[in-house]
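K.L.:
Take a look and give me a structure for this.
(2 chains)
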Amino acid sequence: MAPLLIVENLHVSYGGIEALKGISLYLDQGEIACVLGANGAGKSTLLQAISGLIPINKGKIFFKKDELNHVPAHEIVKKGISQSPEGRKVFATLTVEENLNLGAYTRRKRTDEVEEAKERVFVLFPILRKRRRQLAGTLSGGEQQMLAIGRALMSSPQVLLLDEPSLGLAPILVNQIFDIIREINQQGTAILLVEQNAHKALGIARNGYVLENGTISTSGSAEELKSDQKIQEAYLGGAALKNYKRF
Amino acid sequence: MDVFLEQLINGLTIGSFYALIALGYSMVYGILKLINFAHGDFFALGSYVGYTVLVFGSAVITTHFGLWGGLMAAMIIAAVCVAFVGIMVERAAYRPIYPAGRLPAVVSALGASIFIQNTIMVIWGPRYQAYPASLIPNIHIQIGGLHITMLQIVILIMSFMLLGILYWIIQKTTFGAAIRATALDKDTASLMGVDFNKVIFFIFTLGPALGAMTGVMVGMYYRQISFTMGWNYGLKAFTATIMGGIGNLPGAMFGGLILGVLEMFGAAYISAAWKDVFVFLILILVLIFRPTGLFGEKVAEKV
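P.N.:
Model (predicted):
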């Protein structure tokens, strides 16, 4: 079966600089793939390009045989790809419930489906049910992350793009968020996960890509990447450990 | 007491005019961070279109529609025409220069304002025009010592209905939430599936349409209109927008009402010649002590 999402030789500029220089990757139906890399490697640019927020210079993006290159961002959600952006980006002066409703904006006329999707989000994140009338800006960081993911799920996407869901969260929350990401995936949503926390990301992903300076330097199954010497040193704290042992 | 009540009603009437115009400023600012200086001229244009509808339709209005029907027809036709002009102005004057940044857009807005003002002058002439007295409903009501006209009551009710409808759209519907979300973060709103161009279309039809309807009501209320009226009302409405917290729509509504009432009380109890001084004094005080506006409460955002 053909992959759900295919990125082919993607070139994208961001702020006048070529941030992605020929990226190719794919995401299969129902899998989690992760994209690892340091700050500024181009991870967020990749997700923004897939979502249609920034124009593509060269290369192609396919979703189920449809080319997405010139599809505007608001149409891409409709096709079945939604994103929880970096830094959560919840609408601070809107209530939690309004945020969730906006997540289902593309099918706002079908109220029963919206309620159903909301119920599903509340089951995944019970705290959001309690906070539904509260302004999103008053939530804690972890709750905002839950809201951002929940909001992205409201369109019942086939592909969920997650940009650094663990950013700035306490370790116990990180574990909780990753458990939920796995659960969302088990319910049938394919996930492209961008992360700096390589250890956690490789723990739940099937395949992984390492992004360095706008190109993919290494890719393979999560198992291969975990045992790769270079990746251990660069992303899994291997180098720090070696230096530590020298003292 | 009668003077107080009369001035309160007058103040609310004129305040609701300011509020309706202020909404147009505030909506555009919220979405584009652009002060749409042409907005006051949309209002003036609406007033002139309404005038023309009344003058040309006078025979039909007096024989078929009745005076209230004439008022309605003038408002609706003005709203439709000016909404169309609003879209045209957005396409011609703003859209081509969004990428250039905010300042060029403001300059372009000033240009659009001058253009519309002069177009009005060319079409209708530089002299004052008067709404035909015979077409304005003229029913006086006396309650105790209180003198008001039926027209005033109808205008008040219509203004508040329009404000209420807009408030409902913005605060209670999902499309309204989409507009507020776009104002906060355009990119993330488009990730939700919100079409930015539809939001632009909405604010550049609804804002000018509300302005035009206000223009007709002002023409009915004061009878005399001039091609420069957009500037005066625009400035007051813009003041109201800032008082309420720019970009905050309920704030703009209350800002307008407060401004109108203050202006009328200032005129009645202190001096009519100084009424603009009070208005701008209050603006200055608000800017000094509450720069975010009376209702511009910022929600602390946790990071």
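K.L.:
Which residues of the stretch 151-300 of chain B lie near chain A?
P.N.:
Residues of the stretch 151-300 of chain B lying near chain A by CB under 8 Å from any CB of the partner chain: B:174-175, B:177-178, B:180-181, B:184-185, B:187-196, B:299-300. Just so you know, the C-beta spots here come from the backbone N, C-alpha and C atoms, and that holds for glycine as well.
K.L.:
Secondary structure element holding residue A:191?
P.N.:
Assigned by DSSP states H and E, residue A:191 falls within strand A:190-195.
K.L.:
and whatever helix or strand comes next after that strand, what's its mean pLDDT?
P.N.:
As assigned by DSSP H and E, the chain's next helix or strand after strand A:190-195 is helix A:198-204. In this model, helix A:198-204 carries a mean pLDDT of 91.
K.L.:
just checking, what packs against helix A:198-204?
P.N.:
strand A:32-36, helix A:171-186, strand A:190-195, helix A:222-227, helix A:229-235 (3 or more CB pairs under 8 Å, 6 or more residues apart in numbering or on different chains; DSSP states H and E).
K.L.:
In the fourth one, which residues are buried?
P.N.:
For helix A:222-227, the buried set under the neighbour-count rule, 16 or more other CB atoms under 10 Å in any protein chain shown, comprises A:222, A:225-226.
K.L.:
Also near chain B: which of the residues you listed, exactly?
P.N.:
Within the buried residues of helix A:222-227, nothing lies near chain B by CB under 8 Å from any CB.
K.L.:
Pick the one among the residues you listed closest to residue A:23.
P.N.:
For the buried residues of helix A:222-227, the minimum distance to residue A:23 (CB to CB) is 16.6 Å, reached by residue A:225.
K.L.:
who touches that closest one in this structure?
P.N.:
A:36, A:202, A:208, A:210, A:218-219, A:231 (CB atoms under 8 Å, 6 or more residues apart in numbering or on different chains).
K.L.:
Pick the one among the buried residues of helix A:222-227 closest to residue A:123.
P.N.:
Using CB to CB, those come closest to residue A:123 at residue A:222, 27.5 Å.
K.L.:
hang on, the earlier thing: who touches the strand holding residue A:191?
P.N.:
A:4-5, A:27-37, A:43-44, A:46-47, A:50, A:86, A:158-166, A:181, A:184-185, A:201, A:204-205.
K.L.:
Counting neighbours, which of the residues you listed end up buried?
P.N.:
Neighbour-count burial (16+ other CB under 10 Å) applied to those gives A:4-5, A:27, A:31-37, A:43-44, A:46-47, A:50, A:86, A:158-166, A:181, A:184-185, A:201, A:204-205.
K.L.:
quick revisit: adding distance to residue B:80, write the contacts of residue A:225 out as CSV.
P.N.:
Output for those, formatted as CSV (distance: CB to CB, whole Å):
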residue, distance to residue B:80
A:36, 56
A:202, 60
A:208, 57
A:210, 58
A:218, 61
A:219, 58
A:231, 64
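K.L.:
List just the nearest of those to residue B:27.
P.N.:
The shortest approach to residue B:27 among the contacts of residue A:225 belongs to residue A:36, at 43.1 Å (CB to CB).
K.L.:
what residue is smack in the middle of chain A?
P.N.:
What sits nearest the mean C-alpha location of chain A, by CA atoms, centre = their mean, is residue A:162, with 1.3 Å.
K.L.:
And for residue B:2, the neighbour number?
P.N.:
11 (other CB atoms under 10 Å in any protein chain shown).
K.L.:
Can you report phi and psi for the closest residue to it other than its chain neighbours?
P.N.:
Once flanking residues are discounted, residue B:2 sits nearest to residue B:145: 3.9 Å by CB to CB, 6 or more residues apart in numbering or on different chains. Backbone torsions for residue B:145, taken as degrees, to the nearest 10, come to phi -100, psi 10.
K.L.:
and if you look at residue A:168?
P.N.:
Torsion angles, degrees, to the nearest 10, at residue A:168: phi 70, psi 20.
K.L.:
Tell me the pLDDT of the residue lying closest to it once chain neighbours are set aside.
P.N.:
Nearest non-adjacent residue to residue A:168, counting by CB to CB, 6+ apart: residue A:141, 5.7 Å away. In this model, residue A:141 is scored at 91, pLDDT.
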